[in-house]
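Undergrad: When you get a sec, could you give me coordinates for this:
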Amino acid sequence: MSEKKSQIPDNSNNAASSSAKKPATEIGSNSSFSGQRMTYPNRPESVNPDQATLREQWKFAIRQYSKWYSHAWGTAILAGGVFFGLGWIIKGSNPLPSLQSGSKSPKPDEEK
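TA: Sure thing, here's the model as predicted:
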């Protein structure tokens, strides 16, 4: 198997590189419910990215959200149609009584 390489470039000497290989920031070191310490899988960035990068990331996120949102609605509509058709097949007629043409509505009793 190939050895995993760090995505952070190592431009330091051996003393600094040994400190770079220490585990990431710890979370919940005083937690009483678990004997294990959790660490961040990815350390937070030390500086904020520039405006162009943030704008590009934001536009990408909006495109992804829009795509997933439309896919979710399309799937829900398709599933609704499939279940309506399945109900029609199983029942042998329109599964929604409100859409039947010959449905008789109960008339209120008239008292004289």
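Undergrad: Low-confidence bits of this protein, can you list those?
TA: 1-34, 99-112 (pLDDT under 70).
Undergrad: show me where it has helices.
TA: For the chain, the helices defined by DSSP state H cover 14-20, 51-91.
Undergrad: Compile those helices into a markdown table and extend it with columns for mean neighbour count and distance to residue 40.
TA: The way it works is simple: take the backbone N, C-alpha and C, and place the C-beta from them, glycine included. Supplementary listing: the helices of the chain in a markdown table, determined by neighbours: other C-beta atoms under 10 Å; distance: least, C-beta to C-beta, whole Å:
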| stretch | mean neighbour count | distance to residue 40 |
| --- | --- | --- |
| helix 14-20 | 9 | 15 |
| helix 51-91 | 10 | 20 |
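Undergrad: Residue 39 is nearest to which of those helices?
TA: Residue 39 lies closest to helix 14-20 among these, at 14.4 Å (C-beta to C-beta).
Undergrad: before we move on, the earlier item: TSV please, covering the helices of the chain and showing distance to residue 43.
TA: Listed next are the helices of the chain as TSV, based on distance: least, C-beta to C-beta, whole Å:
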stretch	distance to residue 43
helix 14-20	10
helix 51-91	18
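Undergrad: Good, we can wrap up now.
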